[in-house]
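Participant: next one to model:
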Amino acid sequence: MKFLLYLLSIVYDLITTLRNFLFDIGLINSVQYKIPTIGVGNLSTGGTGKSMLVDYLIELLKIKYSLTTLSRGYNRDTSGFIQATSKSSAYEIGDEPYQFYSKHPEINVVVCEDRRKGMKLILNNLPNTQISIWDDIFQHRYVKPGLMLLTTTFKYPYYQDEVLPIGNLRENKSSSKRADLIIVTKCPDELSYIEKLEFLEKLSPDENQKVFFSTISYKKNLKSDDSTIHIDNLREEEFILVTGIADSSYLVKYLNNKNLKFKHLKYSDHYNFKKSSIDKILSISKNKKIITTEKDFGRLKPKINRDEIYYLEVSIEFPNNLNQSSFDEVVNEFVENY
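Facilitator: Residues are numbered from 1 along each chain as shown. Now for the predicted structure:
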C-alpha cells in the first residue's frame, strides 16, 4: 500500500511540476492587476495559519485603505461570486470569509472559485477597492499577486514534507521560491536565535526572500453573540471543546496549560456540522458551556440554540517589536510603491 502511495505521489508531483513549468515559461497566462494585490497561501493541505495572517493584514491596512478580500469560500453551500452582507452565513460564503466579515464589517469580503472572474467583478462592482487580499491563493496561478506570502508552521515545515498522497504538500517544496515573504507560524514563545538560524539553514530561502517568525496568541475573553466571559471563569466547571480545524493541538495545549477541565470533540477541518453531530454535541454538553474556535462558531451557533456557546479568538503575533515593524514596513512599502 505504501509503495502504491509513493507511486501516486510521484505522478502527482510530475503533473503539478509540469503545470507550474507551463505557467513559469508563459504558455499559460497569469493575470496581474493595476491595484496592489497581496496573496496568502501555503504548500500544505492546511493548518498553517493563513486566516490569522489575512486577519493581521486587514488590521494593518484597513485604516488607511479600502480593502476587498477574495477567497474561494471552501465547503460553502453556494457557488459563484458572492459579496458578504450582514445577512450572510458561514454556510453561504464559507467559515473563513464569514469570520473576516464578522470581525471587519467595514471592508468588502468576496468569495468566488474562479479568481479571475472574482477580480473582474471586484474591479467592476467595487471600484473603490484600493487593495485586494487573496486568501489561499498559492496554487491558483491564473492570477498573480503583487506580493506573495507563504505560510509554514515551525513544527511541520514544508521542507521536511512530501507531496500528496504520501505527504501533505499540494505541490513540490521547490515551489516555495515563488513566495516573496515566508512566514513561519506557530513558533514556540521562547525561540532562541540559534534555533532560528538552524531553521533558516534547512528552509534555505533565496536571497530575495524575507523570512519572518511568528507565534499565536489567544485572547483572554471568550465571546458569544452578545456576551463575553474571561477564560479564568472556565476553571469553575468542566466544559465541552468542539473543534473543526486542521490542527487543534495548539489550542488543546493552551487550555491544558491553564489547568482547565474539558472534553474535546474533534472534527475535520471546515467540518459541516450535520444533525447527528449537533445531537451528539448537545447530548454530551447538556448544561455545560460549549467552547469552540472563531472559525467553527459561524457554523455551530446557527444550529445550537443555546446561549452558553463561546469562541476563543486567536491571532498571529511577531515575537518582538523589531520583527513586527520590519514585516509591517515591507507590506506598507509594497502598497505605497506599487
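
Participant: is it true that residue 140 touches residue 114?
Facilitator: No. At 9.2 Å, residue 140 does not count as touching residue 114 under the criterion of CB atoms under 8 Å. Yep, even glycine has a C-beta here, placed from its N, CA and C like the rest.

Participant: neighbour count winner among the two?
Facilitator: A count of neighbours by other CB atoms under 10 Å puts residue 140 above the other of residue 140 and residue 114, at 20 against 16.

Participant: just the mean pLDDT for stretch 230-247, thanks.
Facilitator: Averaged across stretch 230-247, the pLDDT comes to 93.

Participant: that one: which residues count as buried?
Facilitator: Under the neighbour-count criterion of 16 or more other CB atoms under 10 Å, stretch 230-247 has 231, 234, 239-245, 247 buried.

Participant: got a list of contacts for that stretch?
Facilitator: The contact list for stretch 230-247 (CB atoms under 8 Å, 6 or more residues apart in numbering) reads 45-47, 153, 218, 220-222, 251-252, 255, 258-271, 273, 281, 284-285, 288-293, 295-296, 299-300, 312.

Participant: next, the distance between the ends of it.
Facilitator: Start and end residues of stretch 230-247 are separated by 24 Å (CA to CA, to the nearest Å).

Participant: domain ranges for this protein?
Facilitator: As assigned by automatic domain parsing, the chain contains the domains 2-65+130-216+318-337, 220-312.

Participant: residue 77: which of those domains is closest?
Facilitator: Ranking the domains of the chain by distance to residue 77, with CB to CB as the measure, places domain 220-312 first at 8.4 Å.

Participant: give me the element residue 87 is part of.
Facilitator: For residue 87, there is no host helix or strand (DSSP states H and E).

Participant: burial measure for it, as a count.
Facilitator: Residue 87: 6 surrounding residues under other CB under 10 Å.

Participant: which residue ranges of the stretch 101-250 of the chain form strands?
Facilitator: All strands of the stretch 101-250 of the chain, identified by DSSP state E, counting those that start in this stretch, fall at 108-111, 131-135, 147-153, 181-185, 210-213, 215-218, 221-223, 228-230, 239-243.

Participant: please name whichever of the ones you listed is nearest to residue 18.
Facilitator: Residue 18 lies closest, by CB to CB, to one member of those: strand 147-153, at 20.8 Å.

Participant: neighbouring contacts of the closest one?
Facilitator: Under CB under 8 Å, 6+ apart, the answer for strand 147-153 is 36-44, 47-50, 53, 137-138, 158, 176, 178-186, 247, 331, 334.

Participant: and stretch 108-117, by the same measure?
Facilitator: Stretch 108-117 is contacted by residues 31, 66-73, 76, 79-84, 93-94, 97, 100-101, 118, 121-122, 126, 129, 134, 137, 140, 142-143 when judged by CB under 8 Å, 6+ apart.

Participant: so which of the strands of the stretch 101-250 of the chain comes closest to residue 168?
Facilitator: Checking the strands of the stretch 101-250 of the chain against residue 168 by CB to CB gives strand 147-153 as the closest, at 10.9 Å.

Participant: with just CA atoms, put the closest one into PDB.
Facilitator: Only the C-alpha atoms of strand 147-153 are listed here, as PDB (Å, rounded to 0.1, in the frame of the first residue of the first chain):
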ATOM      1  CA  LEU A 147       3.200  40.400  -3.100                       C
ATOM      2  CA  MET A 148       3.000  36.600  -2.300                       C
ATOM      3  CA  LEU A 149       3.200  35.500   1.300                       C
ATOM      4  CA  LEU A 150       3.800  31.800   2.000                       C
ATOM      5  CA  THR A 151       3.000  30.300   5.500                       C
ATOM      6  CA  THR A 152       4.600  27.300   7.000                       C
ATOM      7  CA  THR A 153       4.500  26.100  10.600                       C
END
